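Asker: Provided below are the primary sequence and the corresponding predicted coordinates.
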Amino acid sequence: MASVCVCSDYFTINDAGELCLLPGRQGLRQVRTFSDPGTFTFRPGDYPWLSRVRVMCQGAGGGSAGANAAANQCIVRPGAAGGGYSESVIQVSALGAVESVVVGAGGAPGTGNQPGAAGGASSFGGLVIALGGDGGTANQSSGTTPNTASGVAGPFAGSGQQNSGGGAGGSAIRLSATQGVSGAGGESRLGHGGFSRGSEGVGSASRGYGGGAGGSLSYGASVAGFEGGKGIVIVELYG
């Protein structure tokens, strides 16, 4: 009669005589991705086999400022900051029955000569928090002479086992009434900031997640900034 040997490193037999996998031996089994801005819930009890999670949070990027120079004059705007990033591996025993998942929205763009808004933080409960990037400033008045506009600093690191702040927004330079360069948006761990422009136009879009918007540039027209890159929360589930 044939017999079967069971490796005790991976399997056990419960009191009912059922062959079961040992918790923590199955590796990566599922990935939950929260990429829409808003608040969601994660319930560990929905996954009876769960032993630990790896959580990656990307904060949202800031929006860039609008620009509205006087006729035959120039305004250049700096880029907005990119969002921070935080990551942790958490044992299921350290999780609550329900953990709140927050995905930060990208900062709104400024219009006229208004600054952009800050991006929202992304988080997993109170365990992993990634801060959003500040919006681009409207710190240059209309003119024709050389002038600079400083970018904004990136956010500080948030909470987690591994975390980093976001990238700073790039500075902008006006050379004359018809020549200038806006600032690039700040980088993020999971995205890139918007590009720097030398021609008149609205702020530029980021790529990926969490990048800051690039600055707008006006040679007399009213142009808006651009929205910052949204955040994301990725939860890897291990058995």
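Answerer: Great, that's in hand. Residues are numbered from 1 along each chain as shown.
Asker: got the contact list for residue 218?
Answerer: Contact analysis of residue 218 by Cβ atoms under 8 Å, 6 or more residues apart in numbering lists 67-69, 74-75, 200. C-beta: built from backbone N, CA, C; applies to glycine.
Asker: quick one: low-confidence ranges for the protein?
Answerer: Applying pLDDT under 70 to the chain flags the ranges 1-11, 17-18, 20-24.
Asker: picking that back up, most neighbours among the contacts of residue 218, which one?
Answerer: residue 67 (34 neighbours; other Cβ atoms under 10 Å).
Asker: ranges for the helices of this structure?
Answerer: Remark: helices of the chain are absent; assignment by DSSP state H.
Asker: Now, the contacts of residue 218 that are in strands?
Answerer: Among those, DSSP state E puts 67-68, 75 in strands.
Asker: Turn those into a markdown table, columns for distance to residue 104.
Answerer: Converted to a markdown table, the ones in strands among the contacts of residue 218 look like this (distance: Cβ to Cβ, whole Å):
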| residue | distance to residue 104 |
| --- | --- |
| 67 | 25 |
| 68 | 28 |
| 75 | 28 |
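Asker: from those, which is closest to residue 217?
Answerer: Distance to residue 217 across the ones in strands among the contacts of residue 218 (Cβ to Cβ) is lowest for residue 67, with 6.4 Å.
Asker: Can you verify my assumption that that closest one contacts residue 78?
Answerer: No: contact between residue 67 and residue 78 fails when scored by Cβ atoms under 8 Å: they sit 10.8 Å apart.
Asker: Name the residues contacting each of those two.
Answerer: Common neighbours of residue 67 and residue 78 (Cβ under 8 Å, 6+ apart) are residue 215.
Asker: got the contact list for residue 108?
Answerer: Contacts of residue 108 by Cβ under 8 Å, 6+ apart are 63, 116-117, 135, 227.
Asker: Scan those residues and report the most crowded one.
Answerer: residue 116 (41 neighbours).
Asker: Now do it against residue 186, distance only.
Answerer: Relative to residue 186, residue 116 is positioned 12 Å away (criterion: Cβ to Cβ, to the nearest Å).
Asker: what residues do the two have in common as contacts?
Answerer: 62, 80.
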